[in-house]
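[1] Fold the stuff below for me.
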Amino acid sequence: MFNAFYSFLFAFALFIIYAFIGWIIEIIVALINNHKFINRGFLMGPIIPIWGLGAMMITWSVKPSDSVLSLIISSAFIGTFLEYIVNYIMEKLFKARWWDYSNLPFNIEGRVWLGSSLLFGVGGFLLIRYMNPFFISLLSTFNKSLLCVSSLSLLLIMIVDICISGNIIKNLKLSAYSLRKDYTEEVSKKVKMALKEKSYFFNRLLKAFPDVKFLFKNKK
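    Okay, the predicted model is just below:
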C-alpha cells in the first residue's frame with residue numbers, strides 16, 4: 001500500500017518539476033517577445049500543469065529504447081493531442097478561446113499548429129533521453145518520508161490554487177459578459193481594459209493570455 005502511495009507521489013513530484021520548467025520556459029518566451037515579466041498560465045503559482053501532464057504522458061507512453069525518429073513522432077503526437085483537448089475543454093468550460101493559432105499556417109481549428117507539434121517532438125526526445133534519467137535519479141536520493149510529505153503538501157496547494165483560479169476565470173467570464181455592449185473588436189478591447197482595471201487577478205490572467213477571445217451567443 002505504501003509503495004503504491006509512494007509511487008504516486010514520486011510521479012507527482014516529477015510532474016511538478018516539469019510543470020515548473022514549463023512555467024520558466026513560457027516566462028522566458030514572454031520576456032523575449034514582450035520585454036517584460038508576465039506570469040504565464042492559469043494558476044497563480046509558478047507551474048503550468050499542461051506541461052507537467054504532457055511530460056508524464058510522454059514518460060508513460062514512450063520507451064527510451066525507441067529510435068530518435070520514433071521518440072520525436074510519438075512525443076509530437078501526444079503533445080499535440082493534449083494541447084487540442086485542453087484547448088477544447090477550456091473553451092467549453094469557460095466559453096473563451098484562451099489561445100488561437102488561426103493566423104498561423106498548418107493549424108487545426110486554431111487549437112494546435114505544426115510549429116508547436118515540432119517543439120513537442122524535440123522536447124519529448126530530450127525529456128526521455130536526458131531529463132528523465134537526471135530528475136528520476138535526483139528524486140531517488142530523497143528520503144522517502146520527506147518526498148511524500150513534500151509532494152503531498154504541493155498536491156494540496158495545487159488543488160487549492162486550481163479551485164481559486166477556476167473561480168477567478170468564472171468571474172472573469174461573467175464580468176466580461178456584463179461589460180459587453182456589442183460584438184465589435186473595438187468594444188472587445190475596451191472590455192479587456194475595463195476588466196484589467198476591475199481586479200488584480202483579472203489583470204494577471206489577461207496579461208497571461210492577451211489574445212483570449214470571449215465567446216458570447218449572438219442575440220436574437
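[2] For the helix ranked longest in the chain, which helices and strands make contact with it?
    If you go by DSSP state H, the chain has its longest helix at helix 144-179. The contact analysis (3 or more Cβ pairs under 8 Å, 6 or more residues apart in numbering; DSSP states H and E) places helix 144-179 against helix 2-34, helix 68-94, helix 185-198, helix 200-208, strand 213-214. Glycine gets a C-beta too; all of them are placed from N, C-alpha and C.
[3] could you check the angle helix 200-208 makes with the longest one?
    So the one you mean is helix 2-34. If you take axes from the mean of the first three to the mean of the last three Cα atoms, to 10 degrees, helix 2-34 sits at 70 degrees to helix 200-208.
[4] pLDDT (mean, whole number) over helix 2-34?
    Helix 2-34 shows a mean pLDDT of 91.
[5] so who does Pro46 touch?
    Pro46 is in contact with Phe20, Trp23, Asn39, counting by Cβ atoms under 8 Å, 6 or more residues apart in numbering.
[6] ok so, going back, as a markdown table, the helices and strands packed on helix 144-179 with mean neighbour count would be great.
    As requested, these are exported to a markdown table (neighbours: other Cβ atoms under 10 Å):
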| stretch | mean neighbour count |
| --- | --- |
| helix 2-34 | 16 |
| helix 68-94 | 17 |
| helix 185-198 | 14 |
| helix 200-208 | 17 |
| strand 213-214 | 18 |
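[7] Any idea which of these gets closest to Lys144?
    helix 2-34 (5.9 Å; Cβ to Cβ).
[8] Packing partners of the closest one?
    Against helix 2-34 (3+ Cβ pairs under 8 Å, 6+ apart) you get helix 49-61, helix 132-140, helix 144-179.
[9] out of those helices, nearest to Gly123?
    Here helix 49-61 is closest among these (Cβ to Cβ), at 8.4 Å.
[10] what residues does the closest one touch?
    Counting by Cβ under 8 Å, 6+ apart, 11, 14-19, 21-23, 25, 41, 43, 74-75, 78-79, 82-83, 86, 120, 124, 127-128, 132, 158 sit against helix 49-61.
[11] Please give the centre-to-centre distance between stretch 156-176 and its chain.
    With Cα atoms, centre = their mean, to the nearest Å as the basis, stretch 156-176 stands 14 Å off its chain's centre.
[12] Extract the C-alpha set from it and format it as PDB.
    This file holds the C-alpha atoms of stretch 156-176, laid out as PDB (Å, rounded to 0.1, in the frame of the first residue of the first chain):
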ATOM      1  CA  LEU A 156      -2.900  20.200  -1.700                       C
ATOM      2  CA  ILE A 157      -1.500  23.600  -2.600                       C
ATOM      3  CA  MET A 158      -2.100  22.900  -6.300                       C
ATOM      4  CA  ILE A 159      -5.700  21.800  -5.600                       C
ATOM      5  CA  VAL A 160      -6.500  25.000  -3.700                       C
ATOM      6  CA  ASP A 161      -4.800  27.000  -6.500                       C
ATOM      7  CA  ILE A 162      -7.000  25.200  -9.100                       C
ATOM      8  CA  CYS A 163     -10.200  26.000  -7.200                       C
ATOM      9  CA  ILE A 164      -9.300  29.600  -6.600                       C
ATOM     10  CA  SER A 165      -8.100  30.200 -10.200                       C
ATOM     11  CA  GLY A 166     -11.100  28.400 -11.600                       C
ATOM     12  CA  ASN A 167     -13.400  30.700  -9.700                       C
ATOM     13  CA  ILE A 168     -11.400  33.700 -10.900                       C
ATOM     14  CA  ILE A 169     -11.800  32.600 -14.500                       C
ATOM     15  CA  LYS A 170     -15.500  32.000 -14.000                       C
ATOM     16  CA  ASN A 171     -15.900  35.500 -12.500                       C
ATOM     17  CA  LEU A 172     -13.800  36.900 -15.400                       C
ATOM     18  CA  LYS A 173     -16.200  35.500 -17.900                       C
ATOM     19  CA  LEU A 174     -19.300  36.800 -16.000                       C
ATOM     20  CA  SER A 175     -17.700  40.300 -15.700                       C
ATOM     21  CA  ALA A 176     -16.800  40.300 -19.400                       C
END
